[in-house]
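Colleague: Need coordinates for the below:
(chains A, B and C)
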Amino acid sequence: MHHVEEILVPTSGSGLHEFTSRVVDIVHATGIVCGCCTVFVRHTSASLVIQENADPSARRDMENWLNRLAPEGDALYTHVEEGPDDMPAHIKSLLTDVSLSIPVLDGRLALGTWQGIYLWEHRRARSSRAVVVSISGDPAA
Amino acid sequence: MHHVEEILVPTSGSGLHEFTSRVVDIVHATGIVCGCCTVFVRHTSASLVIQENADPSARRDMENWLNRLAPEGDALYTHVEEGPDDMPAHIKSLLTDVSLSIPVLDGRLALGTWQGIYLWEHRRARSSRAVVVSISGDPAA
Amino acid sequence: MHHVEEILVPTSGSGLHEFTSRVVDIVHATGIVCGCCTVFVRHTSASLVIQENADPSARRDMENWLNRLAPEGDALYTHVEEGPDDMPAHIKSLLTDVSLSIPVLDGRLALGTWQGIYLWEHRRARSSRAVVVSISGDPAA
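Modeller: Model (predicted):
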């Protein structure tokens, strides 16, 4: 059994935006108990990560660390006509993920206790991003 | 329905080499309308990325940025007998992707408008790379 | 056909720990000859990579390179209460992979000759990590 659907994830500016519950609900609605779920972002200036969903300071440190590694205004950039946050956005997207695949075990996404699914918005002004969720597996007998 | 095949992607030296149309054609030939496609590179000194297919300056900046982050000749390297471009190649492979999974929605790869699939050749002298494309899903009713 | 199971990978301290043969055995036991295998780590301070399994100096250089890029004691970190190795662990996890998808071709994982599957332990004191292996595909006719 295969199910694929597109969702929009609101982003309200740059940073990490959790949407774990959206994916959990889609998996649950399929009735699949054993299989795999793939999450894919249809953009090159936003990306996906699975990270700690407990202490927000860990996510803030990750954002600050990545902003320092790929800052705006780097003299190396020649691709500047889409704004100072565009080229850093492509680089941050490169270093993180465009797709994530998460097994479905006993009817549940096999996320660890502290794992959340995040859309990382790398532009300042975007308001939502298109994400496609694909699930394949066996439904309950 | 499952389909797996290996293709060779010509690389003609280091840098980003697009092969989106090869993957699109394989997916189309299967007749699958709903499912998921995985692309996998069988090497550790080349990698895969999905990035902007519009302005080549964005890709050039990415290459230059990553070359600066992981340059040849770093005094840290002890693994040098395979040439000065080998250890940077492994590191660049590490920071990008060995596999990409892209949903198939309504019979098409669910890539965004500006997304292309690239093989990133990290060695100077390689001429082609082995990539495996795996698709699973439901064909049209 | 779908098969999902959880395994524990012993880590014995930080660094790269190969577990390729564990995944190979699981794929072989399913009898699937054509499909795809996803490996997923249920933690945010350990990660997965596919890298060269030949010369250990390449892996050691990678570890040293990443340790230098994301060192302990960075003044940027505010998330410090879980120990000096925790925030670097999240960053290293971010830059590498939480999931890997590897096609199954002719009854075998389609790894290249020099590719091994590694769990990268980023904490000093952990002794094992939970990894979920999911396989879907067609068994032999």
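Colleague: For the nearest residue to residue A:104 once chain neighbours are set aside, list each beta-bridge partner.
Modeller: Of all residues not flanking residue A:104 in the chain, residue A:35 sits nearest, at 4.7 Å (CB to CB, 6 or more residues apart in numbering or on different chains). All C-beta atoms are positioned from the backbone trio N, CA, C, and that covers glycine. Residue A:35 forms beta bridges with residue A:104, residue A:137, as assigned by DSSP bridges.
Colleague: which residues sit in contact with residue A:35?
Modeller: A:1, A:103, A:104, A:135, A:136, A:137, A:138, C:2, C:4, C:134, C:136 (CB atoms under 8 Å, 6 or more residues apart in numbering or on different chains).
Colleague: Could you rerun that using 7 Å?
Modeller: A:104, A:135, A:136, A:137, A:138, C:2, C:134, C:136 (CB atoms under 7 Å, 6 or more residues apart in numbering or on different chains).
Colleague: Please pick the buried ones from these.
Modeller: A:104, A:135, A:136, A:137, A:138, C:2, C:134, C:136 (16 or more other CB atoms under 10 Å in any protein chain shown).
Colleague: Quick check: of the residues you listed, which lies closest to residue A:55?
Modeller: residue A:104 (27.2 Å; CB to CB).
Colleague: in terms of contact, does the closest one touch residue A:34 like I think?
Modeller: Yes - judged on CB atoms under 7 Å, residue A:104 makes contact with residue A:34 at a distance of 6.4 Å.
Colleague: Return every residue with contacts to both of those two.
Modeller: A:137, C:4.
Colleague: got the residues of chain A near chain C?
Modeller: A:34-36, A:49-52, A:55, A:57-58, A:60-62, A:64-65, A:68, A:95-96, A:100-105, A:110-112, A:114-115, A:136-138 (CB under 7 Å from any CB of the partner chain).
Colleague: The residues you listed in strands, which ones?
Modeller: Those of the residues of chain A next to chain C mapping onto strands are A:34-36, A:49-52, A:100-105, A:115, A:136-138, per DSSP state E.
Colleague: Give me the nearest residue to residue A:130, chain neighbours excluded.
Modeller: residue A:42 (4.4 Å).
Colleague: What about that neighbour, how many residues nearby?
Modeller: When neighbours are defined as other CB atoms under 10 Å in any protein chain shown, residue A:42 has 20 of them.
Colleague: Confirm for me that it is in contact with residue A:119.
Modeller: No - here residue A:42 does not reach residue A:119: they are 11.2 Å apart, not a contact under CB under 7 Å.
Colleague: Chain A against chain B: which residues are in contact?
Modeller: Near chain B, when you scan chain A using CB under 7 Å from any CB, you find A:2, A:4, A:6, A:38, A:40, A:42-44, A:76-79, A:87, A:90-91, A:94-95, A:98-99, A:101, A:130, A:132, A:134, A:136.
Colleague: Select only the buried ones of those in PyMOL?
Modeller: Those of the residues of chain A next to chain B that count as buried under 16+ other CB under 10 Å are selected in PyMOL with:
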select buried, chain A and resi 2+4+38+40+42+43+44+77+79+87+90+91+94+95+98+99+101+130+132+134+136
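Colleague: Just the ones in helices from the residues of chain A next to chain B, please.
Modeller: A:87, A:90, A:91, A:94, A:95 (DSSP state H).
Colleague: If I look at the closest residue to the first one other than its chain neighbours, what pLDDT would I see?
Modeller: Put plainly, it is residue A:87. Excluding its sequence neighbours, the residue lying closest to residue A:87 (CB to CB, 6+ apart) is residue A:77, at 4.5 Å. As predicted, residue A:77 sits at a pLDDT of 97.
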